[in-house]
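Q: please find the sequence and the predicted model below.
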Amino acid sequence: MNARPKILFYVQHLLGIGHLMRAGTLARALEAGGFDTLLVSGGTPVPGFDASPARFEQLSPTRATDKFFKVLVDENDNQIDDDWKAGRRDRLLDLYVRETPDILLIEMYPFGRRQMRFEIEPLLEAANNQGGRRPLIVSSVRDILVEPDKPGRVDEMVERVRRYFDLVLIHGDPEFIAFDETFPRMSEIADLSSYTGYVVDPPMVRTTRGAGAGEVIVSTGGGAVSDDMLEAAIGARARSLQSEIRWRVLIGHNLPEDAFAAYRDNAPHGVVVERSRPDFRQLLANCRLSISQGGYNTVMEVLAARTPAVCIPYAGGLESEQTLRCRLLAAGGAMEIVEQGSVDAAHVAAAVDRALSAGPAPVSGLDLGGAENSCSVLKAALDRHIGAPTAADSPEMLVNPDNRSG
């Protein structure tokens, strides 16, 4: 094994950018923790995204056309076909052969990203069936899953974990919400699973004169499904007790340029509309209050910065993850929530005023050390994996996948 164990880390974002951003945070931590890390992304490139010092490889990008994730298109908005899939699969397999990783880390699968099984499963088969010692094979999954859209999906998840994986990293804190709250068959994979805490970059130092100081920061993540939130948040300024300060609205690059330009050009006095900025964490540390959709990454950054916050969770399609997480945090006093059905300027303004009247955001008590903890768990699991017999040493392991280490 190399002095620095090699990780090939696969991630695919389809609509928002949260999966990629969390993978970037984790990749940077893995690199700092002594791993030689290659992050491989199959989603649309995100301006300003930087995984360094980890290495980065961009596959031919694909994205979902709507909130139901049924239709995937390429960078020219053509629906992907079998030839496109074969090309991406072969490119991914070539990267695997080139890297010869000690750890193969797959983000979300098999708990999601079923649309990408045309390339993920050949990759997993190649890793499991290679000669000599195969890599440690790990799934990286967030704290909360959405409800499966069809019967049998959970059966499939359990079967794929048992067939392919040595370890499941659950990026959450069971004292806040246990994985079995949204994955009821957790007991069937518990022996392969490890909670890491929440993955989040360290908070920036708050400054009183830097970017965003004293402002209300409205952020949309990728921006693809943000219209209702944007209209309500922009309209809330005039109704809020914070109507005399600047509100800065950051819109992700997944919102088409013409729609972005309309928001920017029609913004009322006191509201600045910009594309998302690479200094977002500094803005978040400096601002008076955050308004966001409540995605995993932004919520954890808010908690790390102890910034007062209003969450307007996205709940389109089958999505329930953001709503559940924000409800739990709101119940603990960590933020205010405006739920679907109440997303208008009046409700957002009232939530802003409540959040600020409550004073500084309380310490959440959540384990926010997920990035560093993931490094420790992976090092220990890799040590066990290296010390275990290979398939060549123990032919029984070829026919009984549950005998694998990890």
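A: Arrived safely, thanks for sending. Residues are numbered from 1 along each chain as shown.

Q: which outside residues touch stretch 245-258?
A: With contacts defined as C-beta atoms under 8 Å, 6 or more residues apart in numbering, stretch 245-258 is touched by 15-17, 44, 46-47, 63, 212, 214-224, 226, 230, 233-234, 237, 260, 263, 267, 270-277, 280, 283, 287-288. All C-beta atoms are positioned from the backbone trio N, CA, C, and that covers glycine.

Q: and stretch 378-386, by the same measure?
A: 1, 5, 7, 30, 33-35, 102-103, 133, 136, 138, 166-167, 169, 194, 405-406.

Q: narrow the residues you listed to those in strands?
A: Applying DSSP state E to these, the entries found in strands are 7, 103, 136, 138, 167, 169, 194.

Q: ok, now which ones touch the last one?
A: With contact taken as C-beta under 8 Å, 6+ apart, residue 194 is in contact with 167-170, 377, 381.

Q: if it is in a bridge, with which residues?
A: residue 169 (DSSP bridges).

Q: for residue 4, which non-adjacent residue is closest in space?
A: Excluding its sequence neighbours, the residue lying closest to residue 4 (C-beta to C-beta, 6 or more residues apart in numbering) is residue 36, at 4.3 Å.

Q: swap that for residue 46, please
A: residue 17 (5.3 Å).

Q: was I right about residue 51 contacting residue 29?
A: No: under the criterion of C-beta atoms under 8 Å, residue 51 makes no contact with residue 29, lying 10.6 Å away.

Q: and the helix or strand where residue 95 lies, what does it pack onto?
A: Here residue 95 sits within helix 82-99, counting by DSSP states H and E. Other elements packing on helix 82-99 under the criterion 3 or more C-beta pairs under 8 Å, 6 or more residues apart in numbering; DSSP states H and E are strand 6-11, strand 36-41, helix 117-129.

Q: kindly reformat these as JSON lines containing mean neighbour count and mean pLDDT.
A: Output for the helices and strands packed on helix 82-99, formatted as JSON lines (neighbours: other C-beta atoms under 10 Å; pLDDT from 0 to 100):
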{"stretch": "strand 6-11", "mean neighbour count": "25", "mean pLDDT": "98"}
{"stretch": "strand 36-41", "mean neighbour count": "24", "mean pLDDT": "98"}
{"stretch": "helix 117-129", "mean neighbour count": "17", "mean pLDDT": "97"}
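
Q: mind listing the strands for the stretch 251-400 of the chain?
A: 271-275, 289-292, 309-311, 336-337 (DSSP state E, counting those that start in this stretch).

Q: among those strands, which comes closest to residue 159?
A: strand 309-311 (35.0 Å; C-beta to C-beta).

Q: do you know how far the residue nearest to residue 4 is from residue 84?
A: Here the criterion is C-beta to C-beta, to the nearest Å. By it, residue 36 lies 30 Å from residue 84.
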